[in-house]
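[1] Quick one, what's the 3D model for this:
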Amino acid sequence: MGVNDAMNYVLFNNPVASGVWSFLSSGSGMKSKGAIVGQQIANQSTKTMVSETLPPLYKLVGSSRPIMKLAALSGATAVMLGAYGAHHRFNIVDEKERDPKDIFKMTNQYHFLHSLALLAAPLARKPYLTAAFLTSGMALFCGTCYYISFTNDRRVSQLTPVGGFLLIFGWLSFLI
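    Numbering: from 1, shown residues only. Below you'll find the model as predicted:
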């Protein structure tokens, strides 16, 4: 609230001043020019305050948009390479039985990383789409991996790749 707005409120818009102006204009049988001018000034300052809107966050990024796109490609590539590395044969004797603690560590890193990416979702042009992809991807990917690491029950493992694809789409939605 600026000085001009404060003065308008004190002189014209507060309940006491409004009552005084109303009494003077109706009680004397004539309209006071001061009340009319004061009300016009108050209405004008109120209109300027109400009509002022902030631009969307993605427009505030401005010239940094290429950096956002680079980060989006980097994040999507990281998820794809992480999936490839998790399923690549590294000359391990028993591929099917991974240590639950290793699964938990990997899942926790993905969960934390994508939670940070979710913080940047308001900067995307379609923030709700980005947030939906990232959130559902974390729920399906991290949720199933957490479940497997805690229970060693692999019945839900078919949903893990779906969550991975949703995370990739979440990163790629920053490019839109």
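[2] how does the chain divide into domains?
    For the chain, the domain assignment from automatic domain parsing gives the residue ranges 3-51, 57-87+94-175.
[3] following the worst-scoring helix or strand of the chain on mean pLDDT, which helix or strand comes up?
    Every helix and strand of the chain was ranked by mean pLDDT, DSSP states H and E. The lowest is helix 33-51, at a mean of 58. Counting by DSSP states H and E, the next helix or strand C-terminal to helix 33-51 is helix 57-61.
[4] Need the contact partners of that following helix.
    For helix 57-61, contacts defined as Cβ atoms under 8 Å, 6 or more residues apart in numbering pick out 68, 122-125, 127. For every residue, glycine as well, the C-beta is placed using N, CA and C.
[5] Just the buried positions in whichever helix or strand comes after it, please.
    Counting by DSSP H and E, the next helix or strand C-terminal to helix 57-61 is helix 65-87. Of the residues in helix 65-87, 68, 71-72, 75-76, 79, 82-83 count as buried by neighbour count, 16 or more other Cβ atoms under 10 Å.
[6] for the helix or strand containing residue 109, packing partners?
    In the assignment (DSSP H and E), residue 109 maps to helix 100-119. Helix 100-119 sits against helix 65-87, helix 127-137, helix 143-151, helix 160-172, with contacts defined as 3 or more Cβ pairs under 8 Å, 6 or more residues apart in numbering; DSSP states H and E.
[7] Now do it against helix 65-87, angle only.
    Between helix 100-119 and helix 65-87, the angle comes out at 160 degrees (axes from the mean of the first three to the mean of the last three Cα atoms, to 10 degrees).
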